[in-house]
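> Make a model of this:
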Amino acid sequence: MDEYFASKGYLYPSHLVSQFYTALKTKGFVILSGLTGTGKTKIAQELAELLDGFKKNFLFLPVRPDWRNSKALLGYYNPLNEKYHKTDLLEFILEAKKDYEQNREKAKPYFVLLDEMNLAHVEYYFADFLSVLESGRDEKGFTREPLRLHDVGKVEEERIPKETRLPPNLYIIGTLTWTRLLMHSAPKSLTGPLLWSSTMLTLKATHQKQANLS
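Just a heads-up that it's a prediction; the model follows:
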């Protein structure tokens, strides 16, 4: 992978690339932290492209400051029109799960990138995911606990399940950007809810080479 990143104009230390890949395979959830311009977003994008040149297995989601709950990620049921308002992420998760159920070890990897996770309160909008990720994995690789979406039979008939477990071919990557002022104080206060269910890697400015990274 080092050669691939170098061919794209991005030079990362070999140990960082190895840690990133290993963390994704073992935990399925990795946080990349660092200053602006250290390549947090690019390393995720390029890894997804390496594994799927058509880029159909990569979903980029910029976090918004107004996210207060999981509705922005998973959607919600509206009793007024009796419909479930889906999101791109929910459809992406269901597609990854379908792929794995049909193809097992031959299923494609699916990557979700939550960019700038600290723009909103993680413990609010990502709480459901944290609980599910902390539950561990069963013998087939699915999370032991499911994401609960709704309890309406009619919606389930429209192919929106009441709940869904995260499959082993789904990988979640988050980025956290620190200013130089907050570099040493912010991570502890902002990332507490993430530490139990993710691996955190810090990228430094020295990882930048030949290109403007984000």
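
> shaky segments in the protein?
Where the chain drops to pLDDT under 70, the residues are 2, 53-55, 157, 179-198, 204-214.

> helix, strand or coil for Pro108?
No Pro there; residue 108 is Lys. Using DSSP: H, G, I helix; E, B strand; the rest coil, the three-state assignment for Lys108 comes out as coil.

> Could you count how many residues lie near it?
Other residues near Lys108 number 16, with proximity taken as other Cβ atoms under 10 Å. C-betas here are computed from N, CA, C, even on glycine.

> Torsion angles phi and psi at it?
When read as degrees, to the nearest 10, the backbone of Lys108 gives phi -70, psi 150.

> thinking it is in contact with Leu51, fair?
Yes - with contact defined as Cβ atoms under 8 Å, Lys108 reaches Leu51; the gap is 7.5 Å.

> shared neighbours of the two, which are they?
Where contact means Cβ atoms under 8 Å, 6 or more residues apart in numbering, the residues bridging Lys108 and Leu51 through contact with each are Asn57.

> top helix in the protein by residue count?
Ordering each helix of the chain by length in residues (DSSP state H) puts helix 88-103 first.

> Packing partners of that helix?
Counting contacts by 3 or more Cβ pairs under 8 Å, 6 or more residues apart in numbering; DSSP states H and E, helix 88-103 is packed against strand 58-62, helix 71-74, strand 110-115, strand 163-164, strand 170-177.

> relative orientation of the longest one and strand 110-115 in degrees?
Relative orientation of strand 170-177 and strand 110-115, computed by axes from the mean of the first three to the mean of the last three Cα atoms, to 10 degrees: 20 degrees.

> so who does the residue nearest to Gly28 when sequence neighbours are not counted touch?
Here the nearest residue to Gly28 in space, its sequence neighbours aside, is Tyr171; by Cβ to Cβ, 6 or more residues apart in numbering that works out to 5.5 Å. Tyr171 makes contact with Leu24, Gly28, Phe29, Val30, Pro109, Tyr110, Phe111, Val112, according to Cβ under 8 Å, 6+ apart.
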